[in-house]
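**Student:** predicted coordinates and the sequence they were generated for:
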Amino acid sequence: MLAFFSGVSLPAGFLGAVYFYRIRKEDTLKLNLLAALFVAMALRCSKSFLCFTLGMPTVGMALGYLGLASIGPLLCLYLKYSGKVSVQSIEARDYSHFLPSLIGFISILLVGREVAIELYFFTTYILLAYVLWGWRKLFLDKDHNAELLRKWNLLLLISISVLCGIFLFQYHTDYLINYTIGSALAAVAFYGLLYFALNHSVLFPVTKKRKRLDPKVIQKVKHAIEGEKVYRKPSLTLDQFSKELGHPSYLISLAVKTEFKKSFSELINHKRIQEVLIELSKQDQDYGKIEGLAYSVGFNTPSAFYAAFKKLTGTTPTEYQKAQRKKSHMPNMVLEPKAIGEL
């Protein structure tokens, strides 16, 4: 039974580590520390399973100690960097926290059970010191504005405190039933943490960086469209336009949306039709020249022109021209105010 409860901690620990390390992509440092913390807790809680069920007494003791001695440092570093979004790596001095775990791990492999018992005992009290520091950090730190993240940190600290209490209790009792109960409680704490993490997908929300657009790029786009009338070029694409201006296509697209509130293709058709409307409103324009006018502003085919015209004005070029000729007393009028707004 002891080995069973010890063994069930392994899948929860490693599943949690995979979730934080592979599935969640934002805030990399914080999630990597959490993934390592889950692995460390899984190794410590699974010591009996590794030693007895898998038949690896020395290796199991060494791995269990490595996990035990790493819980405190990983908890410390996680809480240290929990509120810092822009930090991508821990400081060089932070690695010193892991020297005892490496030294103890190697010592157990070389010496065996004799040194392991003493190391486990003293390292558990060192873990207690880290836990007490974590509680102080949590209550004194006022930088956690995200309520959900603060709840997670509190739950994490409570769970590790429970694990630490279980480990200390086990060292001061000789009854196997107490070890079994402790292992069962540790497994419950594990799965409770994992359940909370999996059911709160906004626990570590993505921080979207606002793109800053150079005003010079907007000016170049505006000059090319309104000054050079680049929209008159047949089959003009965003990629071609971007290469001409010497900027990435995503940047030009963003500049177009920022300045004109339209997509690139919408803007090109808008400018072309706008120019056609001006010509069609002139009294001396002949019906037969409409398609030629469409080609002159950049349309490749009559069908593309008529479709764009109908979409933007709600009528055909011929009907529009007839309506304009009836308004000969208003020669400067191009469209009704409502239609102009739609363009």
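**Tutor:** Good, I have the coordinates.

**Student:** only C-alpha atoms from now on, for both contacts and neighbour counts.
**Tutor:** Noted.

**Student:** list the buried residues of stretch 218-232.
**Tutor:** By 16 or more other C-alpha atoms under 10 Å, the buried positions in stretch 218-232 come out as Ile218, Val221, Lys222, Ala224, Ile225, Val230, Tyr231, Arg232.

**Student:** burial count for the nearest residue to the third one once chain neighbours are set aside?
**Tutor:** Looking back up the chat, that one is Lys222. Nearest non-adjacent residue to Lys222, counting by C-alpha to C-alpha, 6 or more residues apart in numbering: Glu259, 7.7 Å away. Using other C-alpha atoms under 10 Å, Glu259 has 12 neighbouring residues.

**Student:** what helices or strands is the helix or strand Glu259 falls within leaning on?
**Tutor:** In this structure, Glu259 sits in helix 249-260 according to DSSP states H and E. If you count contacts as 3 or more C-alpha pairs under 8 Å, 6 or more residues apart in numbering; DSSP states H and E, helix 249-260 packs onto helix 215-222, helix 238-245, helix 264-280.

**Student:** and the first one, how far from the chain's centre?
**Tutor:** In this case it means helix 215-222. The chain centre lies 30 Å from the centre of helix 215-222; the measure is C-alpha atoms, centre = their mean, to the nearest Å.

**Student:** that one packs against which elements?
**Tutor:** Checked by 3+ C-alpha pairs under 8 Å, 6+ apart, helix 215-222 has helix 249-260 packed alongside it.

**Student:** circling back: need the winner for burial among the helices and strands packed on helix 249-260.
**Tutor:** Comparing the helices and strands packed on helix 249-260 by mean neighbour count (mean count of other C-alpha atoms under 10 Å), helix 264-280 comes out on top with a mean of 19.

**Student:** quick one: name whatever helix or strand follows that helix.
**Tutor:** Defined by DSSP H and E, the subsequent element after helix 264-280 is helix 290-296.

**Student:** check which residues of that following helix are buried.
**Tutor:** By 16+ other C-alpha under 10 Å, the buried positions in helix 290-296 come out as Ile290, Glu291, Leu293, Ala294, Tyr295, Ser296.

**Student:** what's the helix or strand for Leu155?
**Tutor:** Using DSSP H and E, Leu155 falls in helix 147-171.

**Student:** kindly report the same for Ala36.
**Tutor:** For Ala36, the host element (DSSP H and E) is helix 28-45.
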